[in-house]
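Participant: all I have is the shape, not the residue letters:
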């Protein structure tokens, strides 16, 4: 199975961790051109300075990952895992994306029944005209009038309108 390519995350380090270590080129050139004790001593001195700077940066890196010193328990393991998570895609933990919430809920039949009955009582229009008016303006403006009327007829056919009417009139 082929590995999934993931976007490389760039981490912005600050302070000492953002600055590269500069090695004096003349120490390297002297070492390469002259193989004597003076060149070796100059090179060793320059390299010792690099090692010292690296150790300071290593301490800064430990602090970046929440460790006070290398003597802290599991400091090296924590540092290794932290660096791996940042820079190696296979070490990152990605949470599964939530599935969609499904199809949007259609207008509740109870809301439709309540709205139609109130509209009929308030305006005196027929149930059909009430459905068409609710479709144009009101809470059902995204539905067609014919769809609302069909749902209303289904509600009435199931015998719910009598109970519904009694409940609405009681309110």
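Facilitator: Looks like it came in fine. Since we're looking at a predicted model, the values are computed, not measured.

Participant: low pLDDT regions in this protein?
Facilitator: Within the chain, the stretches with pLDDT under 70 are 1-10, 28-29, 31-33, 102-107, 159-171.

Participant: ok, now how distant is residue 24 from residue 89?
Facilitator: 37 Å (C-beta to C-beta, to the nearest Å). Placement of C-beta: from N, CA and C, glycine included.

Participant: list the buried ones in the host helix or strand of residue 80?
Facilitator: Secondary structure assignment for residue 80, by DSSP states H and E: helix 75-87. For helix 75-87, burial by neighbour count (16 or more other C-beta atoms under 10 Å) applies to 75, 79, 82.

Participant: contact partners for residue 85?
Facilitator: With contact taken as C-beta atoms under 8 Å, 6 or more residues apart in numbering, residue 85 is in contact with 91, 92, 93.

Participant: which ones among these lie within helices?
Facilitator: Among the contacts of residue 85, no member falls in helices (DSSP state H).

Participant: and those residues as JSON lines, adding distance to residue 123?
Facilitator: Output for the contacts of residue 85, formatted as JSON lines (distance: C-beta to C-beta, whole Å):
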{"residue": "91", "distance to residue 123": "66"}
{"residue": "92", "distance to residue 123": "61"}
{"residue": "93", "distance to residue 123": "59"}
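
Participant: from those, pick the one nearest residue 147.
Facilitator: residue 93 (46.2 Å; C-beta to C-beta).

Participant: look up phi and psi at that closest one.
Facilitator: phi -100, psi 120 (degrees, to the nearest 10).

Participant: quick check: it vs residue 68, distance?
Facilitator: 25 Å.

Participant: who has more neighbours out of the two?
Facilitator: residue 68 (10 against 5; other C-beta atoms under 10 Å).

Participant: how about the helices in this protein?
Facilitator: In the chain, helices defined by DSSP H lie at 25-33, 37-64, 75-87, 109-123, 127-136, 145-157, 160-170, listed in chain order.

Participant: tell me which of those sits nearest to residue 11.
Facilitator: That would be, of the helices of the chain and by C-beta to C-beta, helix 75-87, which comes in at 5.3 Å.

Participant: quick one, that closest one and helix 37-64 angle?
Facilitator: Angle of helix 75-87 versus helix 37-64, following axes from the mean of the first three to the mean of the last three C-alpha atoms, to 10 degrees, is 80 degrees.

Participant: one step back: okay, the helices of the chain in TSV with distance to residue 11 next?
Facilitator: TSV is the format used below for the helices of the chain (distance: least, C-beta to C-beta, whole Å):
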stretch	distance to residue 11
helix 25-33	29
helix 37-64	9
helix 75-87	5
helix 109-123	51
helix 127-136	55
helix 145-157	54
helix 160-170	61
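
Participant: sweet, I'm off.
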